[in-house]
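Have a look at this prediction, sequence included:
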Amino acid sequence: MEKKSKSDITKGWINGFIGVLLFSGSMPATKLAVMDMSPIFVTIARATIAGLLALSVLLACKAKYPAKKDLFSLILVALGCVIGFPLLSSLALQYITSAHSIVFLGMLPLATAVFGIVRGGERPNFIFWIFSIIGSLFVVSYAISAGVSSSPIGNVLMLLAVFVCGLGYAEGAKLSKKIGGWQVISWALVLSLPLMLPLLFIYFPNNIGAVTASGWFGLGYISLFSMFIGFIFWYKGLAQGGITSVGQLQLLQPFFGLALAAYVLHEPVSFSMVSVTIGVILCVVGTKKFAK
């Protein structure tokens, strides 16, 4: 595995942090969207909008076509990040609250790290895993202590969403080292367009006029920031700083998301949330210090 400079690692953490901030609004925004539109249509619409934007950027930049050997990785990114996670998380939000779904995102660092090992060849040390597991336990324990509502179907859907998202993150990060972060998500979105465009018309809602301004805002956010712009920073950060290391920044995403949920969806923010956030931040610092 190539040795990374301190400058690359620092840039990776900065870009990764920006990506996490943008992703933090995904679940609250998705909740706003699925309150007015079906989860399937929301998944298709966000991928179509982001795909058309990505196609425009690729054409404007005269980007080179990906190599045939990279198509499999791009398909995995598309299945995990363009289709799998958006669809599964949207379906889950029919059964659980936004706050409940956000808590599951605390498991993303572990999922990303595992796939970073399987697909990216990274080998973090034992202390890294201790901090990573402790950070994830902080998130899970907060969910339990907060007494979030439970739904078996919603829980299973979110676990599957986290699984496929971790695969897409790790695969995209590995490929970003070769063709660049924005090209990875752009080509993954473009590869999805032949499927998404026809489905957009098939699942286009009859009551589109009844969609509220908040519903459109939610769809717009997840289409532009969650589906495209956020990935540009995220994949670049993972490629620069390392998948397993920078991936631990995802431990902060549930709490940024909960803060946004409190503001957008008017959900209460407790003192315990702030306390656990501090604990998670310390775990992130620990993983950054000890990850190789």
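On my side now, so go ahead.

chain center to the longest helix along the chain, what's the gap?
Using DSSP state H to define each element, the chain has its longest helix at helix 152-179. Counting by C-alpha atoms, centre = their mean, to the nearest Å, helix 152-179 is centred 8 Å from the centre of its parent chain.

Give me the helices and strands touching that helix, please.
helix 71-77, helix 85-92, helix 98-104, helix 108-120, helix 181-202, helix 230-241, helix 243-246 (3 or more C-beta pairs under 8 Å, 6 or more residues apart in numbering; DSSP states H and E). (Glycine included, C-beta is placed from N, CA and C.)

just the ones you listed: most buried one?
Neighbour counts (mean count of other C-beta atoms under 10 Å) averaged over each of the helices and strands packed on helix 152-179 peak at helix 243-246, with a mean of 30.

What mean pLDDT does it get?
Averaging pLDDT along helix 243-246 yields 75.

now what about the next helix or strand after it, what contacts it?
Past helix 243-246, further along toward the C-terminus, the next helix or strand under DSSP states H and E is helix 253-264. The contact list for helix 253-264, computed with C-beta atoms under 8 Å, 6 or more residues apart in numbering, reads 20-21, 23-29, 31-32, 98-99, 102-103, 105-106, 108, 139, 267-269, 273, 276-277, 280.

Report the angle between the longest helix of the chain and helix 85-92.
Counting by axes from the mean of the first three to the mean of the last three C-alpha atoms, to 10 degrees, helix 152-179 lies at 170 degrees to helix 85-92.

what angle sits between helix 152-179 and helix 230-241?
60 degrees.

shift numbering so it begins at 30
Okay, using 30 as the starting number, the last item reads as helix 181-208.

Can you give me the buried ones in helix 181-208?
Residues of helix 181-208 classed as buried by neighbour count (16 or more other C-beta atoms under 10 Å): 183-184, 186-187, 189-206, 208.

Can you name the residues that contact the nearest residue to Ser243 once chain neighbours are set aside?
Excluding the flanking residues, the one nearest Ser243 by C-beta to C-beta, 6 or more residues apart in numbering is Leu61, at 4.9 Å. Leu61 makes contact with 243-244, 246-247, 293-294 under the criterion C-beta under 8 Å, 6+ apart.

What of Arg75?
62, 115, 248, 251-252, 255-256.

Could you do Val106 as well?
The contact partners of Val106, by C-beta under 8 Å, 6+ apart, come to 197, 200-201, 204, 213-214, 217.

Repeat the analysis, applying 6 Å as the threshold.
197, 200-201, 217 (C-beta atoms under 6 Å, 6 or more residues apart in numbering).

and what of Leu137?
191, 279.

do the same with the one 4 residues further on
Thr141 makes contacts with 195, 198-199, 276, as judged by C-beta under 6 Å, 6+ apart.

would you turn the helices and strands packed on helix 181-208 into CSV with distance to Trp42?
CSV is the format used below for those (distance: least, C-beta to C-beta, whole Å):
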stretch, distance to Trp42
helix 100-106, 22
helix 114-121, 23
helix 127-133, 22
helix 137-149, 13
helix 210-231, 14
helix 259-270, 5
helix 272-275, 6
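
and of the ones you listed, who's closest to Ala76?
Counting by C-beta to C-beta, Ala76 lies closest to helix 210-231 out of the helices and strands packed on helix 181-208; the figure is 4.8 Å.

Against which helices or strands is the closest one packed?
Helices and strands touching helix 210-231, by 3 or more C-beta pairs under 6 Å, 6 or more residues apart in numbering; DSSP states H and E, are helix 68-89, helix 100-106, helix 181-208, helix 259-270.

which stretch among the ones you listed comes nearest Leu222?
The nearest among the helices and strands packed on helix 210-231, by C-beta to C-beta, is helix 68-89 at 4.3 Å.

For Ser85, state which of the contacts of Val106 is nearest.
Closest to Ser85, out of all of the contacts of Val106 and judged by C-beta to C-beta, is Ala217, at 15.4 Å.

For the closest one, list the residues it contacts.
Per C-beta under 6 Å, 6+ apart, neighbours of Ala217: 103, 106-107, 111.

Redo the residues you listed as CSV? Include distance to Leu88 and pLDDT.
Supplementary listing: these in CSV, determined by distance: C-beta to C-beta, whole Å; pLDDT from 0 to 100:
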residue, distance to Leu88, pLDDT
Leu103, 17, 95
Val106, 20, 94
Ala107, 19, 95
Val111, 19, 94
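
nearest to Ala74, of the residues you listed?
Val111 (12.3 Å).

Fine by me, we can end here.
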